[in-house]
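A.B. asks: Give me coordinates for this.
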Amino acid sequence: MTAIKYKKVSEVCEIIMGQSPSSDTYNDRKEGLPFFQGKADFGKLYPTPKTYCSAPLKIANENDILMSVRAPVGDVNIANTKCCIGRGLAAIRANNDMINYKYLFYALNYKKNEIESMGTGSTFKAISKKDIESIKIPVSDIENQVKIVKALDKAQELIDKRKAQIEALNQLTQSVFLEMFGNLKGEKVPLSELCYINPSKKEIENIDKEFPVTFLPMANVSENGELDLSETRLIKEVFESFTYFREGDVLFAKITPCMENGKGAIARNLINNTGFGSTEFHVLRPKENVNSTWLYYLTSLQSFRKQAEANMTGSAGQKRVPKQFFSKYKVVLPPIELQNQFAKIVQKIQSQKEIIKKSLEELENNFNSLMQRAFKGELFNELMNTK
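C.D. replies: Next up is the predicted model:
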């Protein structure tokens, strides 16, 4: 076995920079090759095509590493078929005699922060072919690389299983909602009659402006109802320019693509029971006999979001759900007892999720440790001492 050496990507790979073909060659009829433009197309490992190109200019082969080279920089994926790549991507093609393509994928993932720091540009960050060529990665013989890939794949498989379990619980909650409330009979009333839409800040205008409150930019609200509560501001810093809400309110992202992606949450565990956040939130405050949990899951339904999307106003890229939509959308209000029963079921499901999320966090920490050992040479040395 040979010792570990650091090699530039240009020494072990061919690099193909993407080039976007004419827009009239794009289609959704699966004519030509799958087309990928940038990181937004990636999704999970091995990207799923949304668009095809009938006249590709730059082509990536199966098992080429696809790297996002502009806004953002450094994210990687693996092509699982021949595909057309636009200017937001580069294809990095491994020399199979020198480097295993999956090993290359993990190595570039490990180097992501370093690669990201190479980005230059005022409008958005980008890296060049020369930048990619200069990246150095640890390389030993193929046998050791394959062993490392197997170890990392096994660790990643465990992580993926935990993520799948969490997703299954998310789907379970939606299924329970539809089972309990999907076929309710009775008079439908506008949603605006069941909750206050965008409550006025006047109700707290006399509060001490030195009070700290939770601050929620859009980035701190997930697509599955989770909140990052790490940011805090003083009321005087946010009162004039941001959206106000309080404990138990439901946040609904009104701007595209956040709305279509499902961003929203119940505002819980707020500092001083008060929060401010992005102006791109609608705030729904439940009235009497309306449970926040029921209201949130109603607004997270795909059918609800589709209707909201159909009522958006504004120009492309800046479309928003108007406040008036909540007056147009009608629903049968379930008995509060049934809503509360649903909330208890959700609480049990959330408790299961928290257990799995802790396990996931441990697995991800172990994976990161394994990555460090692999690409600092420690795992190479261990493997060279095993037969």
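A.B. asks: what's the burial count for Glu167?
C.D. replies: 11 (other Cβ atoms under 10 Å). C-betas here are computed from N, CA, C, even on glycine.
A.B. asks: how about the residue lying closest to Phe242 once chain neighbours are set aside, secondary structure?
C.D. replies: Nearest residue to Phe242, sequence neighbours excluded (Cβ to Cβ, 6 or more residues apart in numbering): Phe276, at 4.1 Å. Three-state call for Phe276 (DSSP: H, G, I helix; E, B strand; the rest coil): strand.
A.B. asks: Distance of Phe276 relative to Ile204?
C.D. replies: For Phe276, the distance to Ile204 equals 10 Å [Cβ to Cβ, to the nearest Å].
A.B. asks: quick one, which of those two is more surrounded?
C.D. replies: Legend: neighbour count by other Cβ under 10 Å for Phe276 and Ile204, higher for Phe276 (24 against 18).
A.B. asks: pretty sure the more buried one is touching Phe215, no?
C.D. replies: Yes. Contact criterion Cβ atoms under 8 Å: Phe276 and Phe215 qualify, at 5.7 Å.
A.B. asks: shared neighbours, these two?
C.D. replies: 233, 238, 242 (Cβ atoms under 8 Å, 6 or more residues apart in numbering).
A.B. asks: Including neighbour count and secondary structure, could those go into CSV?
C.D. replies: Converted to CSV, the shared contacts of Phe276 and Phe215 look like this (neighbours: other Cβ atoms under 10 Å; DSSP: H, G, I helix; E, B strand; the rest coil):
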residue, neighbour count, secondary structure
Arg233, 18, strand
Val238, 19, helix
Phe242, 20, coil
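A.B. asks: any idea which of those is closest to Ile197?
C.D. replies: Relative to Ile197, the closest of the shared contacts of Phe276 and Phe215 is Phe242; by Cβ to Cβ it sits at 16.9 Å.
A.B. asks: ok, now which ones touch that closest one?
C.D. replies: 215, 276-279.
A.B. asks: can we see that at 7 Å?
C.D. replies: With contact taken as Cβ atoms under 7 Å, 6 or more residues apart in numbering, Phe242 is in contact with 276-277, 279.
A.B. asks: Phe215: what secondary structure?
C.D. replies: Going by three-state DSSP: Phe215 is strand.
A.B. asks: From what I see, it and Ser241 are in contact.
C.D. replies: No. With contact defined as Cβ atoms under 7 Å, Phe215 does not reach Ser241; the gap is 11.3 Å.
A.B. asks: ok, back up a step: between the contacts of Phe242, which is closest to Phe177?
C.D. replies: Using Cβ to Cβ, the contacts of Phe242 come closest to Phe177 at Gly277, 25.0 Å.
A.B. asks: ok, for the closest one, nearest residue in space, not its chain neighbours?
C.D. replies: Closest to Gly277 by Cβ to Cβ, 6+ apart is Leu216, at 3.5 Å.
A.B. asks: Now do the same for that neighbour: its pLDDT.
C.D. replies: With respect to pLDDT, Leu216 scores 97.
A.B. asks: related to what we said a few turns ago, would you confirm that the residue nearest to Phe242 contacts Val238?
C.D. replies: Yes. Using Cβ under 7 Å, Phe276 is in contact with Val238, at 3.9 Å.
A.B. asks: which neighbours do those two share?
C.D. replies: Residues touching both Phe276 and Val238 (Cβ under 7 Å, 6+ apart) are Phe215.
A.B. asks: so how many other residues sit close to the residue nearest to Lys39 when sequence neighbours are not counted?
C.D. replies: Excluding the flanking residues, the one nearest Lys39 by Cβ to Cβ, 6+ apart is Ser68, at 3.9 Å. By the criterion of other Cβ under 10 Å, Ser68 has 26 neighbours.
A.B. asks: so which strand or helix has Ser68?
C.D. replies: Using DSSP states H and E, Ser68 sits within strand 65-69.
A.B. asks: Which strands or helices does that strand pack on?
C.D. replies: Here strand 65-69 touches strand 73-78, strand 89-94, helix 101-110, going by 3 or more Cβ pairs under 7 Å, 6 or more residues apart in numbering; DSSP states H and E.
A.B. asks: Show residues contacting the longest one.
C.D. replies: Around helix 101-110, the neighbours that count as contacts under Cβ under 7 Å, 6+ apart are 13, 63, 65, 67, 76, 78, 92, 94, 137, 145, 148-149, 152, 371, 375.
A.B. asks: Quick one: mean pLDDT over that helix.
C.D. replies: According to the model, helix 101-110 has a mean pLDDT of 96.
A.B. asks: tell me how far the next helix or strand after it is from the chain's mean position?
C.D. replies: Under the assignment DSSP H and E, the closest C-terminal helix or strand after helix 101-110 is helix 112-117. When distances are taken as Cα atoms, centre = their mean, to the nearest Å, helix 112-117 is centred 19 Å away from the chain's centroid.
A.B. asks: Could you do stretch 156-164 as well?
C.D. replies: Distance of stretch 156-164 from the chain centroid (Cα atoms, centre = their mean) equals 16 Å.
A.B. asks: Just the buried positions in it, please.
C.D. replies: 156, 158, 162-163 (16 or more other Cβ atoms under 10 Å).
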